[in-house]
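# Here you go, sequence then predicted model.
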Amino acid sequence: MSTTGAGFTSKPVDFLSIVYHIALLRWFSELGLETPTDDALGYLLQAEKRYEAWWDMLKETKPDPEAIIIPPIDVVLMWHTHMLNPRQYQEDLYRMTKDHSLHKYELPLKRINTVFMRRKAADPMDVKTWSLFTNLPYELKVTDSAPEPWKVACPWCQTTFDIPHVSYVDIRTNPKPKYSAGCPDCHCQYFPDMVSAKAFWDDWQAWTKDTTVGLRGAYLDTKSGDWDLDGAAEKMEKLHALFQELEAIPPDSWSSCDWGHILRYFSAAQSLLDIRNRHEHPFTLGTAQIEKAYRDVVGPFSVSLWSSALYNFKTIKRILPNFWASSDVTKRHANRYHAYLVALNEHDQDLPSASGFEPDIAWLTHMLRPAHYREYTLMFTQRVIELADRVALADQVVSTGSHDEYAASHASHDSSLDQRTRGSATPTSDSTPVVMSLSDIKFMQTMAHQDGNSRVLSHKGSLASFEYK
């Protein structure tokens, strides 16, 4: 099999992984979360909180990647959402666990699909393991006639108090909430801007006492998006020195703890540094990344997972009508994705962006293999690419269609995916059959049937070749 670099096979994404991913997206769509109703928003906020328990579980147990349990679908949704933010995912992983080895875990698409094909009946052992470790129910219902109040720790006095579910959802998701909630002891008013600003200052003070504790958004190189621990230390030291000069101190009251104050300090610090370095190479403090990782984010992660998941449903809505189990389009997207990365590498990244077509399922599927995705994109593009990067590059697309021509010339890069004899039940002599288990074959047949497509799959024993008729 051909390779594109040390340790890499010719394709970063295989056909069946894409098919399983499509099935997972279908399951997500069946949750009924596309419209941001109070029930849907409440479900996403609870899922985000339950996802924290999943991280604790991975960190403490470090299970064999091949034997990892399948968490509840709401937790799978948050894990999927987190992985589709690859830079934040890898930073959170290191910052929260100090363990690079956890980057090896991939979303177990095939095993999740097995649950989906069993009419969403979870494995009893998975249910028991989850419940014993987390003390949480396995199933989370979208609608609950009487949801329990949220238990919240006051960020100022650490008093735990209850916020009614309806009020909490409103406060967390509405820029101008109708409800309010406050700590019964210190009378602090609970809202995301204040809570996230306090989290920033708490982490800042923690760093002054222990430099191994860094700020969210500071661990990554501003250009490549890859880990840069030395750079993070330098940014933190310079920012600390500048804050001392500017007499920027943490607020002593919740009423003055907001992002307006922090951003003014950030701007002043960068301006002061630019003036001093005007005859030298400019140095960026990375404050925009830090702001993005904190502002209005409630919880330990550096991305708002509930809102990111809600946004991703727009992408799911675009993808599902255009893909089905044995679609030529699905195979073509895998080839185009790989060809584009090869083109970026061979043309020193001068080739127009592939952002001219919609975010394709192959790209998203590759992100669900975090360690492989990081190494692969760094090798080809010298940066960890996010979906936002592709959108930003869309303006570079020209009407000549040079990427499409390049992709077409590489369309047969993997003959097992693209070289098929149309209208024939027998592959050509150069065509390599796709090896699938009997369970895979059954799944493909079921998916094709669900989509009302008359194309067939033929197999002999445990070896299957799929043809298009």
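Good, I have the coordinates.
# chain center to the helix or strand where residue 313 lies, what's the gap?
Residue 313 is part of helix 305-319, with elements assigned from DSSP states H and E. With C-alpha atoms, centre = their mean, to the nearest Å as the basis, helix 305-319 stands 11 Å off its chain's centre.
# Give the rounded mean pLDDT of it.
Mean pLDDT, helix 305-319: 89.
# what does stretch 193-212 give?
Averaged across stretch 193-212, the pLDDT comes to 94.
# got the contact list for that stretch?
Residues from elsewhere that reach stretch 193-212 (C-beta atoms under 8 Å, 6 or more residues apart in numbering): 98, 155-156, 188, 213-216, 233, 236, 240, 250-251, 254, 257-259, 261-262, 290, 294-298. All C-beta atoms are positioned from the backbone trio N, CA, C, and that covers glycine.
# if we can go back for a sec, which positions in the very next helix or strand once past the helix holding residue 313 come out as buried?
Toward the C-terminus, helix 305-319 is succeeded by helix 328-346 as the next helix or strand (DSSP H and E). Neighbour counts using 16 or more other C-beta atoms under 10 Å place 330-345 of helix 328-346 among the buried residues.
# Name the nearest residue to residue 34, sequence neighbours excluded.
Among residues not flanking residue 34 along the chain, residue 313 sits closest, at 4.7 Å (C-beta to C-beta, 6 or more residues apart in numbering).
# Check residue 168 too.
Among residues not flanking residue 168 along the chain, residue 150 sits closest, at 4.3 Å (C-beta to C-beta, 6+ apart).
# for this protein, what's the longest helix?
helix 38-61 (DSSP state H).
# okay, that one in PDB with CA atoms only?
The C-alpha trace of helix 38-61 is given here as PDB (Å, rounded to 0.1, in the frame of the first residue of the first chain):
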ATOM      1  CA  ASP A  38     -36.000  25.000  26.200                       C
ATOM      2  CA  ASP A  39     -36.000  21.200  26.300                       C
ATOM      3  CA  ALA A  40     -33.300  20.900  23.700                       C
ATOM      4  CA  LEU A  41     -31.100  23.500  25.400                       C
ATOM      5  CA  GLY A  42     -31.600  21.900  28.800                       C
ATOM      6  CA  TYR A  43     -30.600  18.500  27.300                       C
ATOM      7  CA  LEU A  44     -27.400  20.000  25.800                       C
ATOM      8  CA  LEU A  45     -26.400  21.700  29.000                       C
ATOM      9  CA  GLN A  46     -26.900  18.500  31.000                       C
ATOM     10  CA  ALA A  47     -25.000  16.500  28.300                       C
ATOM     11  CA  GLU A  48     -22.100  19.000  28.700                       C
ATOM     12  CA  LYS A  49     -22.000  18.400  32.400                       C
ATOM     13  CA  ARG A  50     -22.200  14.600  32.100                       C
ATOM     14  CA  TYR A  51     -19.300  14.800  29.600                       C
ATOM     15  CA  GLU A  52     -17.100  16.000  32.400                       C
ATOM     16  CA  ALA A  53     -17.800  12.700  34.200                       C
ATOM     17  CA  TRP A  54     -16.700  10.900  31.000                       C
ATOM     18  CA  TRP A  55     -13.400  12.700  31.000                       C
ATOM     19  CA  ASP A  56     -12.900  11.800  34.700                       C
ATOM     20  CA  MET A  57     -13.600   8.200  33.800                       C
ATOM     21  CA  LEU A  58     -11.000   8.100  31.000                       C
ATOM     22  CA  LYS A  59      -8.400   9.900  33.100                       C
ATOM     23  CA  GLU A  60      -8.700   7.500  36.000                       C
ATOM     24  CA  THR A  61      -9.300   4.200  34.300                       C
END
